[in-house]
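J.: need a 3D model of the sequence below.
(chains A, B, C and D, ligands or ions: 6)
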Amino acid sequence: MQEETLSPPKPPERRDRVVIRFAGDSGDGMQLAGTRFTETSAAFGNDLATFPSFPAEIRAPQGSLAGVSSFQVHIADWDILTHGDEADVLVAMNPAALKTNVRDVVPGGLILVNEDAFDERNLEKAGYETNPLLDDSLSGFHLLTAPMEKLTKIAVKDTGVKGRAVLRSKNFFALGLISWMFNRPTAPILEWVKTKFGEDHPVARANIEAFRAGFNFGNTTEEFHHTFEVAPAKLPAGEYANITGNQALAWGLVAAAKAANLQLFLGSYPITPATSILEEIARLKHFGVKTFQAEDEIAGVGVSLGAAFAGHLAVTTTSGPGVALKSETLSLALMTELPLVLVDVQRAGPSTGLPTKVEQSDLMMALHGRHGEAPLPVIAPASPSDAFAVAMEAARIALKYMTPVILLSDGYLANSAEPWQIPDFDALPEFDISYTTEPNGPDGNFLPYARNEETGARPWAIPGTPGLEHRVGGLEKEALTGNVSYDPDNHELMTLARAAKIAGIADDIPELEVEGPDDAKILVVSWGSTYGAVRAGVINATKEGTPTAHVHLRHLNPLPRNLEHILRSYDKVLVPELNTGQLASVIRSAYLVPTATLNKVQGAPFMAHEITKKIIDMTEDPS
Amino acid sequence: MQEETLSPPKPPERRDRVVIRFAGDSGDGMQLAGTRFTETSAAFGNDLATFPSFPAEIRAPQGSLAGVSSFQVHIADWDILTHGDEADVLVAMNPAALKTNVRDVVPGGLILVNEDAFDERNLEKAGYETNPLLDDSLSGFHLLTAPMEKLTKIAVKDTGVKGRAVLRSKNFFALGLISWMFNRPTAPILEWVKTKFGEDHPVARANIEAFRAGFNFGNTTEEFHHTFEVAPAKLPAGEYANITGNQALAWGLVAAAKAANLQLFLGSYPITPATSILEEIARLKHFGVKTFQAEDEIAGVGVSLGAAFAGHLAVTTTSGPGVALKSETLSLALMTELPLVLVDVQRAGPSTGLPTKVEQSDLMMALHGRHGEAPLPVIAPASPSDAFAVAMEAARIALKYMTPVILLSDGYLANSAEPWQIPDFDALPEFDISYTTEPNGPDGNFLPYARNEETGARPWAIPGTPGLEHRVGGLEKEALTGNVSYDPDNHELMTLARAAKIAGIADDIPELEVEGPDDAKILVVSWGSTYGAVRAGVINATKEGTPTAHVHLRHLNPLPRNLEHILRSYDKVLVPELNTGQLASVIRSAYLVPTATLNKVQGAPFMAHEITKKIIDMTEDPS
Amino acid sequence: MTTETRYSRADFQSGQEVKWCPGCGDYTILASVQNFLAELDVDREKHVFVSGIGCASRFPYYMNTYGMHSIHGRAPAIATGVALANPDLTVWVITGDGDGLSIGGNHLIHALRRNVDLKILLFNNQIYGLTKGQYSPTSELGKRTKTSPAGSVDHPFNPVSLALGTEATFVARTIDMDRPHTTDMLRAAYGHKGTAFIEIYQNCNVFNDKAFQILTGRQERDANRIYLEAGKPIVFGADNEMGVTVGLDGAKIVKVAEVGMDAIAVHDPAKPNPGVAFLLSRLSHGPTGPTPIGIFRQVQRQTYGDLMMGQIEEAKERNANASISDLVSQHGTWKVE
Amino acid sequence: MTTETRYSRADFQSGQEVKWCPGCGDYTILASVQNFLAELDVDREKHVFVSGIGCASRFPYYMNTYGMHSIHGRAPAIATGVALANPDLTVWVITGDGDGLSIGGNHLIHALRRNVDLKILLFNNQIYGLTKGQYSPTSELGKRTKTSPAGSVDHPFNPVSLALGTEATFVARTIDMDRPHTTDMLRAAYGHKGTAFIEIYQNCNVFNDKAFQILTGRQERDANRIYLEAGKPIVFGADNEMGVTVGLDGAKIVKVAEVGMDAIAVHDPAKPNPGVAFLLSRLSHGPTGPTPIGIFRQVQRQTYGDLMMGQIEEAKERNANASISDLVSQHGTWKVE
Ligand SMILES: Cc1ncc(C[n+]2csc(CCOP(=O)(O)OP(=O)(O)O)c2C)c(N)n1
Ligand SMILES: Cc1ncc(C[n+]2csc(CCOP(=O)(O)OP(=O)(O)O)c2C)c(N)n1
Ligand code: SF4
Ligand code: SF4
Ligand SMILES: [Mg+2]
Ligand SMILES: [Mg+2]
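T.: Ligands and ions are numbered 1, 2, ... in the order given. A predicted model of the protein is given here:
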């Protein structure tokens, strides 16, 4: 199909932003449709943010509510912060998709359904007593229906695709229709199909034909009188890529290894939603990267610790249940003072919980989930693309301070995508890391626990270095020599030295910058993946007459030096979190500052309006 | 030997309390000498407290500083609180023992040494350049020497004991001498030897002869002009046993099973200092108790969880590194809402740390060391004998609320002993526990997650019960049915319901009682094994003119209802802990109350005077 | 005496919607187990299914018995607790090749050596299904998956060899698609006192389709399924024209006509020495050629539970009516008046 | 070409005071290892000793090489990381029967199947020494210890059988007191490319004294030590009057005179099929009678590390000068002007 053959849509309505959600059965290819739409919008120059949502089941029964998979994309002609609270457009491929998603559509929003799927069986599976396309229940929306299956069948009939496979292309029909409606360039999608399946493969042909049919259906059908235009965003000039948090993390780790001039070693055991970091890095063998799929999480962190001892930039990736298993080894890494990055892509807990859903509830475990006095640095990315920089920062701290570092990402960041302004890789800062190769002791001996005066870090002398033979281990170490020591005073000294080393990192991280108007009385403090929604919520609150300030923490331990001052500069402090108040309790304990909290534990990210509402409620609350 | 044959000692000096420390090489039998002296003092009616201290090595080189083992016992004619800050009497069997222990002897205190061990080799091993028995270094003490080895050899020459074994009885020589000096009844010791080794066994005869020789040496030697008398304490009438914390815990668990009319199941993996709980309970098969030495800590808690599911009172015992490994399974126990007691006998960390030494640094891990929102009850005994009641309390909460409970003991409580007023076992409260055997649902169905209105607990229907077949697991549960549920609102509801259940236990625990004078301005808050030292320190401070109040927490989560009110009733709050301030941070976060802290991380318990000093310093601190 | 009509398969269906991918081998195994239990006629409440995490491990949710869907790899430990707490129960462990052999390997080998009374069904699909297709400890060398894009470099376990190395008392293998054989293995495992281990080849049609093709395909299966039957010569092939000899250089595939029937090994799973079973387990390394199916080993050894209960009973007899007071007073007490 | 005089044992002594109980078998093994390394004449800094927790695991502190005294059971995993990070190193794992077979069982069996280049020395004293005498996974059934006052009910592992069940490429057994033999085993292990596993019987004279008496006692040892030597008939006894036959019913002890020398098995550890090695491992279950000592199995298989490095080299060749910019641009980028 050539773009030219499609007649141009009618004069479009201009919009500065639109949120579109594709929803269907897990088998309907909604993630693919969403991703393709996203990529073409990115290429077109919109700013965007996405939010894929999968069922927890491998494959829940077809047509069931549990089996619904959705992909939301927010496109705009300006710099956006979230994937959008509510959808302006919902594509619903079956009744279950409609049922579970309709509540998130803005009043008056557009709902496009695949009417062929609204048969009795599917309606029953979704728990509809009457057909919502026929009753009044959708009267608050702008409903459009298309016989997507019928039209797809017709479109693909000469492509060589047969039987059950025919209907697999119906997502491309939907994609074609939506592409038409939003005036998207079609070339990137068609190119992708050809590259993916091979130009002449029947599947490629079927998808292209279905896409074309969808596009034309919009163009020619009276009902679809209306198209939209969302102009390219005025993003800072530069090159962009659309990346998810897990990709950004993977690349950030590779970049960190390069910056440190070290080899990257990733020991890991698959677990949702962290697995794709391992999968991504496993593809990068040409960077000299070593990945090891271990027998379990304990071995995953164990091999990494061994690699760290031997001089690699060592990383282990997991989610909450895996962190629990790794904590004993993490404690050994802390005692042996070896660099190690532990990535926890948080999911909803406790126990197996809701493995595919987001939560920020591992913060306390990251800070305190080890026996003994075992403080560690903890940092968290604010958005998918921020994960790149945060991965580098985690590695920087680990290597400079010879310590394990915990990086807290989450299931939302893991899979959501946004445009990332690609840095100039050659200009990225180099880490000034070098192994110790010469004795550092007074008598020409080697003191593996003599500390760097500035950082408190001990030297990194790797096996194979002549003359620096030494032993590390989990028993308390004597200062300087690193020999086993049962001396009471030494234990206290070392406990405090380890703590001081971590606390001292506060001098090596930027002070916080508050965003917001000078007359703000309320300060909102956030961390991690809630950044976008909180930022948007704060901006809205300010617009709606409640001037509000916002500060977002990348570093959770140690906390930035100026946090206390900032906290004390406002009348009220609000800490919104996807947990029951973990950062709030840290702040209360550290500074004795009262906090209001907004907590959500539903396996779902905040919506900006939830933040706005809470802020406005607080101003009305006399206390 | 008959007691009568020993002539009575010269008129004794009366003392209300004495602290005696036996110290020697690990091979010298000091723990045995200390324990025997303790038992005979107990039988005599003194109040007492003990503190054994072992080297971390299996057997450090003979005569080395690392190899010194000691046993301190504090005896008094009144109700004492601690094992004593400093020793009035030190028995030192060799130079290393003298060197490592002399700093803890009161000025003017009595030091009794085995002079035969002060040869050049031993002096060198201990790092003495000159012989301390000959130079002036001990002039601040009352030094007594005895040729213990020579005299022991002579004493045992006809007993049939030969070669190296001869000198093994020298601890009995020392014990005899000290028994004479403190006017102890000799019968319990001699009886014990006979029962232990068999009346006519050469070892029994040797020990008895050595003991007699020591006793007589005191009696007949001019230098030993002086004996002491510590009268029996006026303890409340009743029957007493001398028990360590681990024993008390073991028996408390057995008593709890009886109170609940359940079978006790202990799944455990050996780890210092928790192992002896498993060892003690393994001996109690005649109570129908099942113990399982698992392949690791994860299996230890796993088998216990299985036993809990099947209806047993399930327990798992460990120390810090083991808690780390168990936390994933603990989280499953929390999600399945099954009763389970996890005993953490804390030791000095992080990592392997100082495995035989005390620390209170697992509190934060107990409270927060799990992924997701996973609150659990946490309780801690205050003294060795208190562990009996606390074990029962842990079981009571676990069973009544269908939840795992963490019991935090420590290495000090584990091995220290004190007299315990034996309760009337028949009068101990029964727990009102019963399995569910009938459907509880509206349609005669079974709802495994329908909660008891008062406690929030779910029903316990055990496999084998007809009609109540159901499945539990780690995925989020639907309220009532317990089916897997990915519903966002249900997850929030269940998260809050689990939290509310735990928080609600606050209504089921006693309010705190403050000890101390009404005019106190300072409140000291303690928890766990520091009770005795803190209590004594507070009493002393009050005596010395700083009226001070004290409150001790058994329940660390939930905190007692009236704690906040108490905290706010004083000008200053001091939280002394054997960590870097964990309870203090909990209090600050919960109540926004400023706290002063006194922290000690030396693998050693507090001394009362350290508490007193801090309190007095605080009054002088103007802030 | 069985009441033929007491249970039907439906009595063992929990009413929870079964959520495996359409076409997954797990459905077949579920049906085999449910039918077997119905036929077995043992009180439904006496069965407990304990699983770890993985597609296979969803199994307990679909069984209308007691069950626990626990955490990854820990099912053998948890099930051991259930079995020791209540010896009247029949405790089934459901695990996968990842769950049972990767993260759970230690618990598995310890359960096997202890001979706790458990029936362990390991659904081996040679892949991590639930996490969407990474190689597992039974995946063949060189397997390309998302975590091994250049091919796996991990030499896989042979689960039967591993189990024999632990001295397991009952070790068998079956195939999801062969329901009569699966049922035979379930029956034998049920009848075995001690730990029974069954490796079940299970097709994951989404992430590792046709891994067992040569044992399940119409064309191939007769030529490759070697049924092991106690007391019978080990022959196979459409016309039993092929056989297995066992010698010190290993078990070998031969043409019966060439060596004569007498040279063919007669299967004896009850041999006290596990050596021959081990040799048979080496005949194939994964389903890449003729593969033995059936019971490799079945011997009697006292179970952990019986030994444990024996010690408790004995202790109770020696100390009838033991009370806590006795315990304390044995320890040494004194009176304060 | 070796410089005979470069190292002496003292060069491998770390100066840390050795803190085992006097008389412990660990001293002997330490001496054997130190002497062997001195004789080996490989740069001292190229050796890394990684251990877990236990008496045995204190070993690295006493070696003047690189070392890590890690945490309980995890040494094989950590050592794997060291070996994969730097293939130039010789990585030794020191573990105990508790450390390696109880808590660490899973890492051990996975290291063995993967064939990572590690030398694993398992000091088997059939007891938990460091924690003061509880039974271990190799303690004999019925053993009375503090945690098994009525006797252990856990059927023990035979570590050699277990290792063979994992398809380990090098499996051997030796005895602390037999220093020349220990040295032979160390040499063979050192020379083996891949995971080498040596079970070392080690006397714990404090908590399990004389467990190996029949193999070490003057009176008993000749009658009970069966040395396995490649290419030689398996005979033993003071005058080699005893021998071992291997058949399908197991390996058997025989009088050579009665069966004739030809009936005696000739040892071949290089047999590709591990069956005979397995049969030999069944000859004794723990040191309770004549017990084979020596290399049970030694075969070549590509190591995990070589395969991993091979893939990396290949990928690098295919993508010479790969930069992160390339990586990102392959993914699809766009320009904003
Ligand atoms: C502690 C922990 N680690 C990892 C996971 C992720 N995980 C779940 S199932 C699984 C592997 C499943 O493979 P297998 O046991 O073969 O089961 P299958 O899905 O193939 O039936 C993994 C890695 C988890 N849930 N928990
Ligand atoms: C996680 C953890 N669990 C338990 C322990 C306690 N522990 C230390 S060594 C040991 C067993 C040692 O036995 P083995 O490996 O046979 O070594 P040996 O002392 O006999 O040489 C145990 C249970 C520990 N240190 N860490
Ligand atoms: S992923 Fe594979 S194993 Fe899992 S349910 Fe689907 S087909 Fe079955
Ligand atoms: S306890 Fe046993 S193994 Fe440990 S050092 Fe002492 S003798 Fe050796
Ligand atoms: Mg699998
Ligand atoms: Mg051992």
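J.: neighbours of residue A:62, how many?
T.: 16 (other CB atoms under 10 Å in any protein chain shown). In this view, the C-beta of every residue, glycine as well, is placed from N, C-alpha and C.
J.: can you map out the strands along the stretch 151-300 of chain A?
T.: A:228-230, A:238-244, A:264-268, A:290-293 (DSSP state E, counting those that start in this stretch).
J.: name the element the residue positioned nearest the centre of chain A belongs to?
T.: In chain A, the residue lying closest to the centroid (CA atoms, centre = their mean) is residue A:413, at 1.0 Å. Assigned by DSSP states H and E, residue A:413 belongs to helix A:411-415.
J.: centre of the chain to that helix, how far?
T.: Mean C-alpha position of helix A:411-415 versus that of the full chain (CA atoms, centre = their mean, to the nearest Å) differs by 3 Å.
J.: for it, packing partners?
T.: Judged by 3 or more CB pairs under 8 Å, 6 or more residues apart in numbering or on different chains; DSSP states H and E, helix A:411-415 is in contact with strand A:47-53, strand A:238-244, helix A:245-260, strand A:340-346.
J.: who does the second one pair up with?
T.: So that's strand A:238-244. strand A:417-421 (antiparallel), strand D:333-336 (antiparallel) (DSSP bridges).
J.: and the ones you listed: which comes nearest ligand 6?
T.: strand A:417-421 (52.9 Å; CB to the ion).
J.: go through that closest one and flag the buried ones.
T.: A:417-420 (16 or more other CB atoms under 10 Å in any protein chain shown).
J.: from these, which single one is nearest ligand 5?
T.: Taking the buried residues of strand A:417-421 together and measuring to ligand 5 by CB to the ion, the closest member is residue A:417, at 29.7 Å.
J.: doesn't residue A:41 make contact with that closest one?
T.: No: with contact defined as CB atoms under 8 Å, residue A:417 and residue A:41 do not form a contacting pair (10.9 Å).
J.: residues shared between the contacts of the two?
T.: residue A:48 (CB atoms under 8 Å, 6 or more residues apart in numbering or on different chains).
J.: in the chain, what spans have low per-residue confidence?
T.: Picking chain A for this. Residues of chain A meeting the criterion pLDDT under 70: A:1-10, A:57-58, A:222, A:225, A:622-623.
J.: think we crossed wires, I meant chain C
T.: Ranges of chain C meeting pLDDT under 70: C:1-5.
J.: all helices for it, in order.
T.: Using DSSP state H, the helices of chain C run over residues C:25-40, C:75-85, C:97-98, C:105-114, C:159-165, C:179-191, C:213-216, C:221-224, C:256-259, C:275-281, C:304-318, C:324-330.
J.: closest one to ligand 6 among the ones you listed?
T.: helix C:105-114 (16.2 Å).
J.: how distant is that closest one from the center of its chain?
T.: The answer for helix C:105-114 is 12 Å, by CA atoms, centre = their mean.
J.: grab the nearest non-local neighbour of the residue in the stretch 101-250 of chain C positioned nearest to ligand 1.
T.: Scanning the stretch 101-250 of chain C for the residue nearest ligand 1 gives residue C:129, at 3.1 Å (criterion: CB to the nearest ligand atom). Leaving aside its sequence neighbours, residue C:129 sits nearest to residue C:55 (CB to CB, 6 or more residues apart in numbering or on different chains; 4.0 Å).
J.: contact partners for that neighbour?
T.: Going by CB under 8 Å, 6+ apart, the list of residues near residue C:55 reads A:58, C:20, C:24, C:26, C:96, C:123, C:125, C:129-130, C:204.
J.: ramachandran coordinates for it?
T.: Taking degrees, to the nearest 10, you get phi -60, psi -50 for the backbone angles of residue C:55.
J.: and the strands of the stretch 151-300 of chain A, which is most packed in?
T.: Greatest average neighbour count among those goes to strand A:264-268 (a mean of 29), per mean count of other CB atoms under 10 Å in any protein chain shown.
J.: and residue D:236, which of the helices of chain C is closest to it?
T.: Judged by CB to CB, the one of the helices of chain C that comes nearest to residue D:236 is helix C:275-281, at 20.3 Å.
J.: quick one: the closest one to chain centroid distance?
T.: The answer for helix C:275-281 is 17 Å, by CA atoms, centre = their mean.
J.: and chain D, is it touching that?
T.: Yes: Helix C:275-281 comes into contact with chain D (CB under 8 Å from any CB of the partner chain), by way of C:275-276, C:278-279.
J.: excluding covalently adjacent residues, which one is nearest to residue A:32?
T.: Going by CB to CB, 6+ apart, residue A:32 has residue A:171 as its nearest residue, at 6.1 Å.
J.: just checking, the one you found touches residue A:30?
T.: Yes: Residue A:171 is within contact range of residue A:30, at 6.6 Å (criterion: CB under 8 Å).
J.: between those two, what contacts are shared?
T.: Here residue A:171 and residue A:30 share the contacting residues A:22, A:24, A:93, scored by CB under 8 Å, 6+ apart.
J.: which one of those is nearest residue A:542?
T.: residue A:22 (32.6 Å).
J.: for the closest one, give its distance to chain B.
T.: To chain B, residue A:22 is 20 Å away according to CB to the nearest CB, to the nearest Å.
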